[in-house]
Structures are given as C-alpha cells and as structure tokens.
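Participant: Can you look at this prediction? I've put the sequence above it.
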Amino acid sequence: MLSALTGVGLSTAAGLNAYIPLLVVGLLANFTDAVRLPQGYAWLSNGWVLALIAVLLAAEFVLDKIPVVDHVNDMIQTAVRPAAGGVVFSGTEAAANLEGSSFFTERPWLSWVLGIGIALAVHAMKSAARPVVNAGTAGVGAPVVSTMEDAGSLGLTLIAVFVPVLIIVAVAVLAWLAWRIMRARRRRRAARVQ
C-alpha cells in the first residue's frame, strides 16, 4: 500500500514538474537513508546525473514562468514528464521491499505504466489550464501559477517519500482543483457561445 501511495505521489509530482521528484529522490538516495533505490536505479543518485537534472530543473524553472514560452515548454515536456513519472513510480520498489510487499516487484511493467499514466494525466490538465490562465491574466498569472506548480511538485514529492498516507488527501485536493478549473472553463465556453 505505501509503495503505491509513494508511486502515485511521485508520479503526480512529475506531472507538474518532471525534474523536482527526480532530483529529490536522487539526492535523498545519495545523501540519506530515507530513500533506497532498487538495483537498476542506482544511476539516479549519481552525481553527474543529479547535476544534469539540476540544470534541467533550473531551465524549466525559468522557461515555465514566461507566457507563450511556457506553452512550448509544455509541448516538449509531454514526453519528459510521463517518462519521469514512470521512473519515480517504478523506483518505489524500495518502499515495496520495506513493507514486505512483492506486488510491484513481481510486476515491474505495472509501476511504469501507472507512473506514466498518472504523470501524463496531470501534465495534460496542467497544459490545458495554462493557456487559459495566460489569456485570462494577460500573461501576468504565468509566473504565479508556475511557482504554485513547482511548490506543489516539491510538496507532493516530500509527502510521498516521508508521509505517503497523506498522498490520498493531496491527490483528492488536486482532483478537486482540476474539476473546478475544467468546470470554469466549460462555463466560459458556454458563455461565449451564447
């Protein structure tokens, strides 16, 4: 159960920002005992890989705050975020080993598919909402919303690693927010049609 919640939290975070969960998990695996990566994922704690992820995170941090550029970045991230979601979800084998569960270790493909699917769904909602925010605020909202997404990604990552039970609440809140955004978007479309 904990491994699934950790995986859901990390892949949700990857849907918002691919590099934050990768960097946090890699740093925690490298410098602490809080995260133990499965055998095939030791590369994630390598110093060079962490440096590359940090550079990509810095670029993402800047690009995602500039209106229009953020849309181009989201198009590029359509491949990156789901892949990161698959990596971090399948890296939860460590949690599965800690709790004595073999469900995901016996089905490694399932954790990849779930991670990719969750990250892709979150990314799709983020990508759909961002142009609405940019148009509705004349671009002023882009840095605010992007900062909130980055903070949400970091928060989800830390919750997923340290208190995975709270992921249920966090994902429920995100689902509610997504529902509200989509509902508001439908209302605006209906108002334009009339």
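Facilitator: Perfect, thanks for sending it. What you see is a predicted model, and the numbers here were worked out from it, not measured in a lab.
Participant: quick one: low-confidence parts of this structure?
Facilitator: Scanning the chain for pLDDT under 70 picks out 1, 92-105.
Participant: Which other helices and strands does the helix ranked longest in it contact?
Facilitator: For the chain, the longest helix by residue count, based on DSSP state H, is helix 108-137. Under the contact criterion of 3 or more C-beta pairs under 8 Å, 6 or more residues apart in numbering; DSSP states H and E, helix 108-137 touches helix 2-16, helix 69-90, helix 141-162, helix 167-193. Heads up, the C-betas are built off the backbone N, CA and C, glycines and all.
Participant: Pull out the buried residues from that helix.
Facilitator: 111-112, 114-127, 129-130, 132-134 (16 or more other C-beta atoms under 10 Å).
Participant: Stretch 6-17 too?
Facilitator: For stretch 6-17, burial by neighbour count (16+ other C-beta under 10 Å) applies to 6, 7, 8, 9, 10, 11, 12, 13, 14, 15, 16, 17.
Participant: Report the backbone C-alpha coordinates of it in PDB.
Facilitator: Output of stretch 6-17 as PDB, limited to C-alpha atoms (Å, rounded to 0.1, in the frame of the first residue of the first chain):
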ATOM      1  CA  THR A   6       4.500   6.800  -2.800                       C
ATOM      2  CA  GLY A   7       4.400   6.000  -6.500                       C
ATOM      3  CA  VAL A   8       1.200   7.900  -7.000                       C
ATOM      4  CA  GLY A   9       2.600  10.900  -5.200                       C
ATOM      5  CA  LEU A  10       5.900  11.000  -7.000                       C
ATOM      6  CA  SER A  11       4.300  10.500 -10.500                       C
ATOM      7  CA  THR A  12       1.700  13.200  -9.700                       C
ATOM      8  CA  ALA A  13       4.600  15.500  -8.800                       C
ATOM      9  CA  ALA A  14       6.400  14.600 -12.000                       C
ATOM     10  CA  GLY A  15       3.300  15.600 -14.000                       C
ATOM     11  CA  LEU A  16       3.700  19.100 -12.600                       C
ATOM     12  CA  ASN A  17       7.500  19.300 -12.900                       C
END
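Participant: okay, the angle between the longest helix of the chain and helix 69-90?
Facilitator: If you take axes from the mean of the first three to the mean of the last three C-alpha atoms, to 10 degrees, helix 108-137 sits at 160 degrees to helix 69-90.
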